[in-house]
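Student: only the shape, not the letters, is given here:
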């Protein structure tokens with residue numbers, strides 16, 4: 001089996017783990033960059049794709065995009081092109097595009113009655129009257145696209161919000177749109193990350209922020225531990241992945257007492273902390289799923 005993995009950064013923990021597992025399974029794994037492709041739309045049915053200036057004669061069996069929120073328009077075009085040529089793509093361009101837009105994905109989940117934190121789209125400068133009417137402090141501010149906990153601010157009072165506004169105004173980010181999100185107090189500095197592959201939750205971890213921080217991401221220094229999946233969390237994670245049509249998804253869930261809320265759905269979840277916390281071999285799970293999808297009926 002031959003797999004292309006579409007990346008921005010060809011060397012990190014996740015990619016190295018994929019390479020290790022591919023070697024064990026005698027799978028050919030090649031890392032490729034979207035910027036190295038040239039694609040041609042044609043009705044003639046030929047492969048019409050170049051990589052590094054050379055026409056590709058043999059397409060891969062599978063494409064795994066791993067760019068997540070950093071997926072560009074060009075990368076989406078490459079992914080769609082390979083989909084149209086019959087390559088098994090995990091995840092598809094349409095699903096990645098939905099997941100990378102935090103507001104659009106939450107709107108889609110809310111449309112299907114999944115619980116989400118109250119969320120508002122705001123243009124800069126922010127309308128303080130609407131914010132005061134709709135939210136109480138603390139309040140979360142996020143950029144529409146981001147990962148690893150970046151682009152997320154916690155404002156515990158009005159003066160903190162005004163300071164963030166001043167910071168945004170003085171930066172190049174003042175032209176961006178932002179979302180305001182209800183602060184789920186019971187989940188302060190904590191959340192649950194569930195990884196779903198092929199509609200099945202393979203495990204979950206509890207992430208806890210380091211002292212003095214509210215961001216629970218492992219990449220930001222957070223502590224991780226195994227979380228025993230319960231029916232409510234498992235159902236929310238599976239439904240979120242299903243509704244966004246993601247074959248591979250990282251679903252972040254907030255909790256307050258016995259209530260749970262879907263915070264984000266990620267199309268290319270990192271899994272260093274997840275493997276550490278759960279002991280689950282994520283690349284193997286993905287390759288096993290590919291075997292079933294690609295070769296299960298043969």
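Tutor: Yep, it's here. Being a predicted model, the structure only gives us computed values, none of them experimental. Numbering: from 1, shown residues only.

Student: with adjacent residues omitted, what lies nearest to residue 119?
Tutor: residue 181 (4.9 Å; C-beta to C-beta, 6 or more residues apart in numbering). Yep, even glycine has a C-beta here, placed from its N, CA and C like the rest.

Student: what does residue 37 give?
Tutor: Nearest to residue 37 is residue 78, by C-beta to C-beta, 6+ apart, at 4.9 Å.

Student: how many residues are close by that neighbour?
Tutor: Around residue 78 there are 26 other residues, counting by other C-beta atoms under 10 Å.

Student: residues contacting it?
Tutor: 6, 34, 37, 39 (C-beta atoms under 8 Å, 6 or more residues apart in numbering).

Student: for the stretch 51-200 of the chain, which spans come out with low pLDDT?
Tutor: 145-150, 168-176 (pLDDT under 70).

Student: list the contacts of residue 52.
Tutor: Contacts of residue 52 (C-beta under 8 Å, 6+ apart): residue 36.

Student: for residue 265, which three-state class applies?
Tutor: strand (DSSP: H, G, I helix; E, B strand; the rest coil).

Student: that one pairs with what?
Tutor: residue 251 (DSSP bridges).

Student: isn't it right up against residue 239?
Tutor: No: counting by C-beta atoms under 8 Å, residue 265 does not reach residue 239; the two are 10.3 Å apart.

Student: can you give me the neighbour number for the residue nearest to residue 119?
Tutor: 23.

Student: compute the distance between it and residue 152, please.
Tutor: 9 Å (C-beta to C-beta, to the nearest Å).

Student: common neighbours of these two, please.
Tutor: Common contact partners of residue 181 and residue 152 (C-beta under 8 Å, 6+ apart): 140, 141, 142.

Student: list the residues that contact residue 251.
Tutor: With contact taken as C-beta under 8 Å, 6+ apart, residue 251 is in contact with 193, 194, 195, 196, 236, 237, 240, 241, 262, 264, 265, 266.

Student: the last one reaches residue 250, doesn't it?
Tutor: Yes: Residue 266 sits in contact with residue 250 when judged by C-beta under 8 Å, with a separation of 3.9 Å.

Student: related to what we said a few turns ago, adding neighbour count, write the contacts of residue 251 out as a markdown table.
Tutor: A markdown table is the format used below for the contacts of residue 251 (neighbours: other C-beta atoms under 10 Å):
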| residue | neighbour count |
| --- | --- |
| 193 | 29 |
| 194 | 25 |
| 195 | 27 |
| 196 | 25 |
| 236 | 21 |
| 237 | 27 |
| 240 | 28 |
| 241 | 28 |
| 262 | 22 |
| 264 | 22 |
| 265 | 26 |
| 266 | 22 |
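
Student: among the residues you listed, which are located in strands?
Tutor: 193, 194, 195, 196, 262, 264, 265, 266 (DSSP state E).
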